[in-house]
Every structure is written in C-alpha cells, then in structure tokens.
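Chemist: dropping a prediction and its sequence here:
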Amino acid sequence: MPDSSQVQPVAFNCEGGLVLSRSSFLMQPGEAIELLNFEPDISGGYRRINGYSKHVNQVVPFTNSTAEQPLMVTLFADKVVAARGERIYTSASTTLSIRIAANTSMSGAGTISVKSTTGFSSSGTLQIASEIFTYTGVTASSFTGVTRATSSTTAAAHLKGAVISESWTQRVTGRTNAGKYHFERFNFNGTEKLICVDGVNDPVVISSADISSTAVSSPNAASGEDTSLGADIASTTTMSGSGTITVSSTAGFINPSSGTESILINSEIFTYTGLSATTFTGVTRAASGSTAADHTIGAAVSDLFPPTVTGAKLVTAFKEHMFYAGMPNTPQEIVFSLPFDEDNFSVALGAGSISVDDTVVALKVFRDSLFIFCENRIFKLTGSSQADFSITAVTRNIGCINSFTVQEFAGDLIFLGPDGLRTVAATARIGDTELGTISKNIQPIFDENIKDAGSFDSVVIPDKTQYRIFFTKDGQAASLSKGAICVLKKEAFEFSELKGLKVTCTSSNVEEGDVVVLHGDVDGFVQRQETGNTFDGTVIAGKYRSPDMSFGDPGIRKHMQKVIINYKPEGSVDTDLFVRYDNENKDSARPAVYPFDTTNLAASYGTALYSTTSSTTQFAYGGGQEPLDRQSVEGSGFSVVLRVEDDGQSNPYSLKGFQLEYQLGARR
C-alpha cells in the first residue's frame with residue numbers, strides 16, 4: 001500500500017471568475033485565467049452555459065436582400081415581434097406537448113397537442129423543424145383540422161418539447177433604410193402598446209388590442225420659429241376658421257398645403273390654414289382646449305410644437321410622458337409628449353423639449369429619474385411634469401459608447417463606457433450618485449473589442465443576476481464572435497467570456513414567470529438563448545483554466561497524486577481534464593488527458609434518467625447530485641495548472657471546486 005503520510009491536500013472553490021489583469025501567481029486558486037462559455041453560477045461554481053435554438057422556425061422575411069439582418073426582436077401581446085428590412089412582422093411560438101411520429105397520418109382532420117395556442121391565428125400554417133403543416137382551428141392547447149407535410153415538405157418524427165411556430169405576418173411596412181430599433185412597452189389608456197423607433201422613420205406604435213400600427217408623425221410638428229404680434233387681439237374677437245392674425249413676419253413658419261398648422265400666443269392655441277408674409281389666415285382660436293385671452297402688440301408668437309420626432313433613435317416612457325431623442329437634426333435635444341399621449345406635443349398642455357450640451361446616446365429610466373447618457377457626459381432628469389422637470393449633471397467626464405449596452409441590472413444601471421463596463425449606482429445619500437468601473441478584471445477583452453466592434457448588444461437574465469454583452473464585427477464568422485458575461489455574486493461582479501454567438505438584436509422578456517431571452521442572428525432567424533446544448537446545431541466549446549498554483553512556494557517541486565473534482569452535472573457529461581506543470585512549459589511533464597464524464601456516475605432517485613446496459617451514460621440508483629470525481633494523476637512541477645475542456649457534446653454542468661493532493665519534493 002503506498003505511503004500517503006506526506007500527502008498535502010489543498011482544496012478550493014471555483015469562485016472569482018475570469019481574471020486577466022493580474023499575475024497568475026497573485027491570483028486566488030478559485031479564479032480563472034480562461035473561462036470560455038462558462039458562467040459564474042449564483043449558486044456557486046462555474047457553469048457551462050446552455051445553447052440557443054430557433055424560437056420561430058421560419059426565417060424573418062427580408063425586403064430586398066438576404067443580407068438584411070433582423071433589427072428588432074421582442075415578445076408583445078403573446079406574439080413574437082421582429083423587424084427586418086423595411087417591415088415589422090409578428091409570429092407565435094409554442095412547444096409540442098405530445099410527440100408526433102413520422103408515420104402519424106394527418107390529412108385534414110389531424111390534431112397537434114401543444115403547451116398553448118395563445119397568440120396564434122385561428123387558422124393558418126405551422127412549422128416544426130423543416131416540416132410544414134396547415135390547420136383550420138384551435139383549442140387552448142391544440143391545433144385541429146391539421147394537414148401535415150404540405151408545401152412539398154416531408155413527414156418526420158418530432159419529439160415532445162419541439163418548437164412549433166406560425167408563419168410571419170406583416171404588420172408595418174415602409175420603414176425605408178431603418179436602423180436597429182429601440183422600443184418601449186407602455187400603457188397610457190388601458191391598452192398595452194409597443195412604440196418602436198429606428199433612427200430614420202417616424203416612430204410607430206403597435207396596439208395589443210388588434211396588433212394595428214399608428215405612426216407618430218405629428219402633422220402639427222413645425223419648424224421651431226418665433227415672431228411677434230403685429231396687432232392687438234381682444235379676448236372677445238371671434239375667430240372660427242376665417243380669422244386673421246397680423247405678425248411682424250411669417251418667415252420660416254409652415255404654410256400648410258392641406259389641413260392646419262398651429263401657433264401659440266401666451267397660453268392660447270390658434271390653428272391656421274394659410275399665411276402671407278405678415279399674416280396667418282383661416283384662423284381658429286382657443287384650440288385644443290385653450291381659452292381665449294387678450295394679446296397685445298409685441299407678444300411672442302411661436303410654433304406650438306417642438307421639432308418633429310421623425311428619425312428618433314431613442315424612446316422611453318417616464319412620468320406618463322413619452323420621451324424621444326436622437327433625431328438626426330437635433331442630436332442634443334430630448335422631446336417629451338403630453339402626459340398620457342405619445343402623439344401629442346402641445347406645449348400649452350404639458351409637452352416640451354429639453355436640450356443638453358452633448359450628443360444624446362441613450363435614455364434609461366432608473367428608480368425615480370430619467371438618465372440621459374451622452375457621448376461624453378451623463379445627466380439625470382427629475383420631476384414629473386413640464387412645470388418641474390429639471391436636469392442635473394451626473395458626470396461631465398464620462399460618456400456611453402453605445403445605447404444598446406445600457407441595462408437595468410442588479411439594482412443598478414450598467415453601460416459601456418470608453419474604458420469598459422460601468423454602473424450608475426444610487427447611494428444611501430438621497431440624490432447622490434456614484435460611478436464605478438466594474439470590468440477591470442477582464443479589461444483586455446474590452447480593449448480588444450470596443451475599438452473594432454461594428455455593433456454592440458446586451459441582454460439581462462434576471463433569474464441568474466446576469467448581464468451579457470455581445471461584440472459584433474463586420475465580416476467575422478459567428479464562431480469567432482465574442483462577448484462577455486457579468487454576474488453579481490455576494491456583492492462582487494464576476495466575469496467570463498463568450499464565443500460563438502453573433503447577434504444582431506436582443507431582448508429579455510418575462511412571460512408567465514418564465515425568462516425568455518431572444519436574439520436575431522445574421523441568417524435572419526429569431527433564436528432563444530438558454531435552450532439546448534448547442535448553438536443551434538453548432539457545438540459549444542467550453543474551457544476552464546486555473547491559475548498557476550504553487551501552493552505558497554514556487555521553489556519546491558510538487559509530485560501530484562490526485563485531483564478530486566466536485567461538480568454538478570445536469571445530464572450526460574463528456575469532457576476532459578488536463579494537468580499541466582510549470583506554467584505549461586513544453587519541457588515539463590504533460591500527462592495524457594484524463595476523461596472527466598458521468599460514466600458510472602451514481603444518480604439521485606426522482607431526478608435522473610435510468611439507463612440500460614447499452615446506454616452511453618450508466619446511472620446507478622441512490623447517488624448524490626454533486627459528485628466527487630477522483631482522478632489519480634501523474635507528473636510533477638513547481639506549479640500546477642488544471643484545465644477542463646469539453647467537446648461541445650455535454651449537457652451543462654457546474655464546476656464547484658477542486659482538491660489537489662501532492663507530495664513535496666526537492667527545492668530547486
């Protein structure tokens with residue numbers, strides 16, 4: 001029996017996340033030098049991430065070219081909403097509750113049982129994988145009158161849980177040259193609505209009542225001109241469509257070709273149908289609920305409305321007003337609507353505009369304030385109405401790189417600054433605000449991608465207290481596209497790296513308590529993250545590398561005896577453990593790979609699958625959920641490194657911790 005009296009055990013938990021900013025010898029053993037496609041787990045350890053799979057089987061239709069990428073994806077009114085090219089579409093998605101065999105006949109009277117038919121049309125076309133079905137009716141949990149293998153497709157077997165979706169329906173068109181969308185859900189009048197802006201066209205509002213759309217193009221939006229009254233107007237003077245107002249000049253005011261435009265004198269609103277060099281004609285007074293009043297020569301006459309919100313890039317609802325920003329001709333202006341009316345900009349009734357001294361990049365409501373992120377500054381707007389809205393500077397030295405990186409996360413606002421991820425954290429002192437950089441541990445990742453990425457996207461997974469940021473580079477393959485994961489654990493942020501996700505737009509949605517994370521991909525599909533074990537069929541490469549561990553003395557050789565791995569599998573796991581020495585020096589011992597898998601792993605009753613003698617993975621009754629995998633290992637060195645690499649065929653699993661056992665050798 002071998003002598004183990006001199007064996008030195010060292011155990012550590014996997015915690016601290018990816019660290020690229022410190023010497024390996026100064027790192028804690030549980031931290032990682034490489035942590036690829038793993039996520040710091042809020043329940044402890046590092047978890048190999050889930051994959052993603054199609055949420056809608058049909059590709060989002062393009063307008064002019066297959067090169068057009070999805071510009072928006074979200075859930076709204078029980079439907080999937082997506083934008084591509086010049087149009088916005090809706091679809092619906094659910095999953096099979098009973099499997100369908102390839103030989104099951106459906107010729108007009110078939111039934112497909114599903115989780116729910118909410119959001120689906122009463123009849124239409126469905127797709128599961130590549131097979132297309134038609135149906136003529138629905139119940140709460142089934143499609144009826146089904147015909148299968150239509151449109152020259154072939155009947156195939158479909159497992160329980162397979163995604164089933166309906167064809168895309170066009171809802172909005174004419175969005176010429178649309179950019180990536182920002183959107184906001186709101187309810188000003190008892191009906192849920194979705195407002196979308198694309199940086200080029202009029203904002204558009206989609207109603208949940210009938211999925212109809214309305215453009216926010218304010219026919220009364222004017223040029224922002226001012227003039228002065230050239231003759232007194234008495235409160236008793238009647239103007240009911242044929243009145244005339246004399247002014248010093250009408251230069252710059254809009255001459256309506258049809259309909260009316262509006263002007264404001266003091267607090268009274270007038271509409272007009274025509275103008276000359278010094279008069280407004282076809283005037284109606286006391287419009288929009290205002291009151292007739294006396295006005296004297298020299299009184300200011302101005303456009304009733306601020307400049308148009310056409311071309312807004314940004315939109316958010318705050319204090320029952322809709323705020324717009326990012327208009328191409330007024331990049332430093334924020335326009336807000338009338339309370340409870342996203343399409344009314346009457347200054348007299350409570351709308352208005354605010355300007356800041358920098359280009360507005362993002363708007364985000366946080367707690368009781370509206371944060372205005374600019375290129376080089378950040379402002380905070382407080383108040384509840386036109387009468388008391390006020391702006392204060394949070395910082396005049398730091399700005400936001402990209403609007404699509406701003407998210408509410410773990411009780412803070414997180415955004416991408418020029419030096420990495422930052423938070424805007426409200427402190428215990430009311431009104432005080434603190435800015436902090438949180439991504440120093442992985443600064444090289446941001447240094448590499450901030451300057452080169454063509455676009456950025458982010459998403460929050462609230463049940464994991466997780467923020468994901470994606471860097472997209474033009475022409476780069478999806479397999480090479482990178483991102484980062486940030487997780488709040490025990491009041492500290494931990495990080496890891498993503499690779500293999502090339503997204504064009506994202507959203508995080510909570511549907512009946514279920515978190516649904518969606519993204520559009522470069523091929524035009526809507527994908528759901530946190531599903532499956534592959535990236536829509538492409539294997540996930542998961543990699544972990546520990547620091548170089550010298551156990552306090554890099555001058556003494558360690559003869560390794562055993563590595564004990566504490567992990568939590570979520571199904572069959574097939575991965576490899578590598579033990580390397582002396583900073584992975586090629587001249588040091590390089591033992592063969594040690595298989596690290598769930599073969600012959602004991603399983604827990606009630607939670608595991610039972611196997612047969614022919615199963616790849618053998619489960620035994622009565623085991624634990626977080627097993628210890630004991631590996632006898634070979635080799636020696638002055639420092640040791642552990643690597644775990646899976647081949648992408650594994651189910652997710654969490655690395656909880658390691659224990660290393662070794663004997664001391666000679667000092668060099």
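Modeler: Arrived safely, thanks for sending.
Chemist: can you read off the pLDDT for residue 41?
Modeler: As predicted, residue 41 sits at a pLDDT of 96.
Chemist: so it sits against residue 654, correct?
Modeler: Yes: counting by Cβ atoms under 8 Å, residue 41 does reach residue 654; the two are 5.2 Å apart. Any C-beta I mention is one placed from the backbone N, CA and C, and that applies to glycine too.
Chemist: shared neighbours, these two?
Modeler: Applying Cβ atoms under 8 Å, 6 or more residues apart in numbering, one finds that residue 41 and residue 654 are jointly contacted by residue 47.
Chemist: doesn't residue 362 lie inside a strand?
Modeler: Yes: counting by DSSP: H, G, I helix; E, B strand; the rest coil, residue 362 falls inside a strand.
Chemist: what's the burial count for it?
Modeler: 26 (other Cβ atoms under 10 Å).
Chemist: what's the answer for the one 3 residues further on, then?
Modeler: Counted by other Cβ under 10 Å, the residues lying close to residue 365 total 17.
Chemist: same deal with residue 289?
Modeler: 9.
Chemist: if I pick it, what's in contact with it?
Modeler: Counted by Cβ under 8 Å, 6+ apart, residue 289 has contacts residue 349.
Chemist: how about it, phi and psi?
Modeler: phi 80, psi 0 (degrees, to the nearest 10).
Chemist: surely residue 501 meets residue 52?
Modeler: Yes: using Cβ under 8 Å, residue 501 makes contact with residue 52 at a distance of 7.3 Å.
Chemist: hey, what's in contact with both of those two?
Modeler: Here residue 501 and residue 52 have 519, 529, 535 as joint contacts, going by Cβ under 8 Å, 6+ apart.
Chemist: need the residues you listed in TSV with pLDDT, distance to residue 388 and secondary structure, can you?
Modeler: What follows is those, written out as TSV (pLDDT from 0 to 100; distance: Cβ to Cβ, whole Å; DSSP: H, G, I helix; E, B strand; the rest coil):
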residue	pLDDT	distance to residue 388	secondary structure
519	98	40	strand
529	97	42	strand
535	95	50	strand
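Chemist: hang on, residue 557 packs against residue 639?
Modeler: No: contact criterion Cβ under 8 Å: residue 557 and residue 639 do not qualify, at 9.9 Å.
Chemist: among these two, which residue is more densely surrounded?
Modeler: More crowded of residue 557 and residue 639, by other Cβ under 10 Å: residue 639, with 22 against 17.
Chemist: which ones are touching residue 156?
Modeler: 102, 129, 130, 131.
Chemist: how about residue 255, secondary structure?
Modeler: coil.
Chemist: work out for me the element the spatially most central residue of the chain sits within.
Modeler: Among the residues of the chain, the one closest to the centroid is residue 459, at 2.9 Å (Cα atoms, centre = their mean). In this structure, residue 459 sits in strand 455-461 according to DSSP states H and E.
Chemist: show me what the helix or strand following that strand is packed against.
Modeler: Sequence-wise, the next helix or strand downstream of strand 455-461 (DSSP H and E) is strand 466-472. Other helices and strands packing on strand 466-472, by 3 or more Cβ pairs under 8 Å, 6 or more residues apart in numbering; DSSP states H and E, are strand 455-461, strand 482-489, strand 503-511.
Chemist: pull up the pairing partners for the first one, direction included.
Modeler: What that stands for is strand 455-461. For strand 455-461, the paired strands and their directions (DSSP bridges) are strand 466-472 (antiparallel).
Chemist: same question, the last one
Modeler: Pairing partners of strand 503-511, with direction, according to DSSP bridges: strand 514-521 (antiparallel).
Chemist: what does the strand it pairs with rub up against?
Modeler: Under the contact criterion Cβ under 8 Å, 6+ apart, strand 514-521 has outside partners 52, 55, 60, 69-75, 80, 82, 84, 457, 459, 461-463, 470, 478, 501-510, 526-530, 536.
Chemist: give the ChimeraX command for selecting the buried subset of those residues.
Modeler: Remark: buried members of these, expressed as a ChimeraX selection using 16 or more other Cβ atoms under 10 Å:
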select :52,55,60,69,70,71,72,73,74,75,80,82,84,457,459,461,470,478,501,502,503,504,505,506,507,508,509,526,527,528,529,530,536
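Chemist: mind exporting the C-alpha coordinates of the strand holding residue 459 to PDB?
Modeler: Provided in PDB are the C-alpha atoms of strand 455-461 (Å, rounded to 0.1, in the frame of the first residue of the first chain):
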ATOM      1  CA  SER A 455     -22.100  47.000 -33.200                       C
ATOM      2  CA  PHE A 456     -22.900  46.100 -29.600                       C
ATOM      3  CA  ASP A 457     -25.900  44.300 -28.000                       C
ATOM      4  CA  SER A 458     -26.700  43.300 -24.400                       C
ATOM      5  CA  VAL A 459     -29.300  41.400 -22.500                       C
ATOM      6  CA  VAL A 460     -30.100  40.700 -18.800                       C
ATOM      7  CA  ILE A 461     -31.000  37.300 -17.500                       C
END
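Chemist: what angle do it and strand 482-489 make?
Modeler: 30 degrees (axes from the mean of the first three to the mean of the last three Cα atoms, to 10 degrees).
Chemist: distance between strand 455-461 and the chain's centre?
Modeler: 4 Å (Cα atoms, centre = their mean, to the nearest Å).
Chemist: any weak-confidence spans in this protein?
Modeler: Applying pLDDT under 70 to the chain flags residues 1-5, 218-224, 304-307, 348, 426-434, 599-625.
Chemist: next, please give the residue ranges for the helices of it.
Modeler: All helices of the chain, identified by DSSP state H, fall at 443-450.
Chemist: outline the domain layout of it.
Modeler: Per automatic domain parsing, the structural domains of the chain span 7-49+542-667, 226-303.
Chemist: CSV for those, including distance to residue 399?
Modeler: Formatted as CSV, these follow (distance: least, Cβ to Cβ, whole Å):
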stretch, distance to residue 399
domain 7-49+542-667, 23
domain 226-303, 31
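Chemist: tell me which of the ones you listed sits nearest to residue 319.
Modeler: domain 226-303 (20.8 Å; Cβ to Cβ).
Chemist: quick revisit: surely the residue nearest to the centre of the chain touches residue 507?
Modeler: Yes: at 7.0 Å, residue 459 counts as touching residue 507 under the criterion of Cβ under 8 Å.
Chemist: now for residue 55: which residues touch it?
Modeler: Per Cβ under 8 Å, 6+ apart, neighbours of residue 55: 80, 93, 163, 165, 516, 518, 526, 527, 528.
Chemist: excluding chain neighbours, give the residue nearest to it in space.
Modeler: residue 528 (3.9 Å; Cβ to Cβ, 6 or more residues apart in numbering).
Chemist: with residue 575 instead?
Modeler: In space, residue 575 is closest to residue 646, 3.6 Å off (Cβ to Cβ, 6+ apart).
Chemist: next: residue 44.
Modeler: According to Cβ to Cβ, 6+ apart, the nearest residue to residue 44 is residue 656 (5.9 Å).
Chemist: what's the neighbour count on the one you found?
Modeler: 21.
Chemist: I'm done for today, thanks for sticking with me.
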